[in-house]
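Undergrad: How does the following fold in three dimensions:
(one chain, ligands or ions: 1)
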Amino acid sequence: MNFRLARTFRTLTSLAFAASIGAGLIAGDVAAQQAAPTPGSAKAIFGAVTLPTQGPPQSIGFYAKGCLSGAVALPADGPTWEAMRPSRNRRWGRPEMIALLERLSQDAAKFDGWPGILVGDISQPRGGPMSNGHASHQIGLDADVWLTPMPKRTLTPAERESMPFTSMLQKNAFLTIDPNVWTDARARLLMRAASYPQVERIFVNPAIKKKMCDTWTGDRSNLGKLRPEYGHDSHFHIRIRCPVGSIGCTPQAPVAAGDGCDKTLAWWFTQEPWAKPIPKPGVKPVKPREVMVSDLPQACKAVLSAPSITSVKAATLGGKAGAVPAQPISGAEPDDSLPATEQ
Ligand SMILES: [Zn+2]
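TA: Residues are numbered from 1 along each chain as shown. Sure thing, here's the model as predicted:
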């Protein structure tokens with residue numbers, strides 16, 4: 001471990017210690033102490049870094065196992081977007097990802113009857129695993145977009161933290177779209193996102209995929225990019241390919257040909273994906289081991305110790321003139337944790 005990393009550790013430990021004292025005074029139990037990060041924990045160390053590295057953008061590793069250098073930020077506000085949950089400090093990504101979100105927001109407003117997008121998590125300043133919410137989003141090439149349109153007025157930072165998610169699904173029904181919530185504009189927004197060649201996958205709830213299969217009457221050549229996945233009923237997840245010439249970025253296998261409205265979708269409507277694993281007698285279920293920095297590509301250690309950018313504003317791509325991205329606040333709330341199947 002180099003010096004900087006050691007310092008990150010010490011800061012982290014003291015922060016956790018301070019937090020545990022604070023929480024302990026209120027809660028008076030040992031739970032807060034149990035929350036202290038495991039030494040070497042990738043999510044704790046990457047989650048504690050507040051600024052990206054200097055230098056050119058580089059996605060290192062795979063979507064679900066890697067890190068990011070030279071990230072840029074989506075501005076908190078643009079003419080056709082607003083970044084949500086600012087305290088998480090996850091508005092960072094490859095410039096290609098940020099540019100795509102801005103383009104999508106403009107096209108959707110212009111062509112699809114969608115006034116603007118609410119953007120959820122992209123990546124942490126240096127990518128890496130996150131303490132909550134995602135298995136992927138680690139290399140700046142994944143982004144979540146809400147299935148709720150941007151309101152006419154600018155949301156306050158507090159509203160961006162607390163605005164609830166709206167599910168597209170009916171409550172108390174199995175994988176059924178709520179017709180009172182779903183609209184054609186949402187379908188157009190999804191297909192707009194799928195239309196860009198750099199977009200390889202879009203994760204949506206199986207019910208949303210089925211709805212698209214059943215009702216989309218336009219060009220279906222990009223429908224196969226919509227991938228059924230757990231969760232994703234109030235937002236969708238855009239994944240772009242490794243940009244051309246990005247050494248160290250591990251590509252994902254292309255999606256199968258066809259629109260995906262086949263037996264792979266029908267499987268989601270069986271019991272199998274939803275059944276709880278049956279414990280084998282005498283076998284203790286093994287909790288998966290926490291990901292350590294040492295489990296990530298070797299280059300991610302250097303990413304952690306690389307010098308930070310000097311100005312967040314300079315690393316913010318586009319947006320309203322003079323808009324300053326919101327500063328991160330510590331103590332982010334728990335989120336709409338997605339099951340870890342999303343790869
Ligand atoms: Zn996502």
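
Undergrad: how far away is the most centrally placed residue in the chain from L223?
TA: With distances taken as C-alpha atoms, centre = their mean, the residue of the chain nearest its centroid is D121 (4.0 Å). The gap separating D121 from L223 is 25 Å, by C-beta to C-beta, to the nearest Å. Backbone N, C-alpha and C define where each C-beta goes, glycine included.

Undergrad: mind checking the SS state of the residue nearest to the centre of the chain?
TA: Classification of D121 by DSSP: H, G, I helix; E, B strand; the rest coil places it in coil.

Undergrad: Show me the residue of the stretch 51-200 of the chain that gets nearest to the ion, please.
TA: In the stretch 51-200 of the chain, the residue that lies nearest the ion is D144 (4.2 Å; C-beta to the ion).

Undergrad: Would you tell me which residues of the stretch 201-343 of the chain are close to the ion?
TA: The stretch 201-343 of the chain has residues H237 near the ion, with proximity defined as C-beta under 5 Å from the ion.

Undergrad: which regions of the stretch 201-343 of the chain sit below the pLDDT cut-off?
TA: For the stretch 201-343 of the chain, applying pLDDT under 70 flags the ranges 319-343.

Undergrad: Run through the helices of it in chain order.
TA: Secondary structure of the stretch 201-343 of the chain, counting by DSSP state H, counting those that start in this stretch: helices at 206-215, 263-266, 299-305.

Undergrad: In this structure V293 contacts L304, no?
TA: Yes: assessed by C-beta atoms under 8 Å, V293 is found in contact with L304 at 6.9 Å.

Undergrad: returning to what we had before: any chance of a markdown table for the helices of the stretch 201-343 of the chain, columns mean neighbour count and distance to V49?
TA: Listed next are the helices of the stretch 201-343 of the chain as a markdown table, based on neighbours: other C-beta atoms under 10 Å; distance: least, C-beta to C-beta, whole Å:
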| stretch | mean neighbour count | distance to V49 |
| --- | --- | --- |
| helix 206-215 | 20 | 34 |
| helix 263-266 | 12 | 38 |
| helix 299-305 | 20 | 7 |
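
Undergrad: The residue nearest to the centre of the chain: what's its closest spatial neighbour, skipping adjacent residues?
TA: Closest residue in space to D121, ignoring its immediate chain neighbours: R90 at 4.2 Å, by C-beta to C-beta, 6 or more residues apart in numbering.

Undergrad: what's the spacing between that neighbour and T183?
TA: Counting by C-beta to C-beta, the gap from R90 to T183 is 27 Å.

Undergrad: Looking at these two, which has the bigger crowd around it?
TA: Set R90 next to T183 and count neighbours by other C-beta atoms under 10 Å: R90 wins out with 30 against 15.

Undergrad: And what about that one, helix, strand or coil?
TA: Per three-state DSSP, R90 ends up coil.

Undergrad: now the helices of the stretch 201-343 of the chain in a markdown table, with distance to P125?
TA: What follows is these, written out as a markdown table (distance: least, C-beta to C-beta, whole Å):
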| stretch | distance to P125 |
| --- | --- |
| helix 206-215 | 31 |
| helix 263-266 | 36 |
| helix 299-305 | 10 |
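
Undergrad: To T53, which of these lies closest?
TA: If you check each of the helices of the stretch 201-343 of the chain against T53 by C-beta to C-beta, helix 299-305 wins as the nearest, at 6.1 Å.
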